[in-house]
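Participant: Predicted model and sequence below, questions to follow.
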Amino acid sequence: MTSETIAKINEVQDQHKAWAFQNFGANTAENQIDPVLGVIEEIGEFSHSFLKRKQGIRGTPEEHQANMRDALADVSIYLMHFCTKAGVRFVDVLLRAENNYVSEHSTETELIRLTCGVKHLQVAYLMSIEDAVFVDAVRYQITDFMALVYRVANKVGVDLTVTIIETWESIVSKRDWKKNSATGAE
């Protein structure tokens, strides 16, 4: 990852922090788990598009690819949100995960591992609400999960870092859930 990309990811996380506060309020024990629930939702959306593309039904391969790309970006942005809540810099997670994403397993196997990997986020969540002493352990759990996200992205031909930045800038950052709770449109 280039120094420019590192700086951009840090900038996106800082922008996202302000955006999340504006849209969802202050970090509380009650909403600490929300980004993890978002990750689960997006893994389901990715799985849906992956399966339908594989089956050759309910859309074109290009539509399914675009939907998978969007879901992986959203998984990553939810992870960024969780990192912010837990006091972890997302770029640190990305840098560690980026070097651990090559896999010899099939896409299906990696997707199953990703789904099962949500347990890492559960452990990170539990540690993050307990004490700030666990920040390194939280970072490790999120990094382990992020490596799975990278593996799946690599398998389906998605440049994850570019996709995260593009999705943040063109879609997510423009949503205003306070003004329009149905669609987030401004």
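Facilitator: Good, I have the coordinates. Numbering: from 1, shown residues only.

Participant: Which strands or helices does the helix-or-strand element of the chain with minimal mean pLDDT pack on?
Facilitator: For the chain, counting by mean pLDDT, DSSP states H and E, helix 118-130 ranks last in confidence among helices and strands (a mean of 74). In terms of contacts (3 or more Cβ pairs under 8 Å, 6 or more residues apart in numbering; DSSP states H and E), helix 118-130 is packed against helix 34-55, helix 61-86, helix 135-155. The way it works is simple: take the backbone N, C-alpha and C, and place the C-beta from them, glycine included.

Participant: how about those, which one is nearest residue 175?
Facilitator: Set against residue 175 and scored by Cβ to Cβ, these come closest in helix 61-86, at 10.9 Å.

Participant: now the closest one: mean pLDDT?
Facilitator: Mean pLDDT, helix 61-86: 95.

Participant: the inter-axis angle of that helix versus helix 118-130?
Facilitator: When axes from the mean of the first three to the mean of the last three Cα atoms, to 10 degrees is applied, the directions of helix 61-86 and helix 118-130 differ by 20 degrees.

Participant: Nearest to the spatial middle of this structure, which residue is it?
Facilitator: The residue lying closest to the centre of the chain (Cα atoms, centre = their mean) is residue 76, at 1.7 Å.

Participant: Contact partners for that one?
Facilitator: Taking Cβ atoms under 8 Å, 6 or more residues apart in numbering as the criterion, residue 76 is in contact with 146, 149, 160, 163-164.
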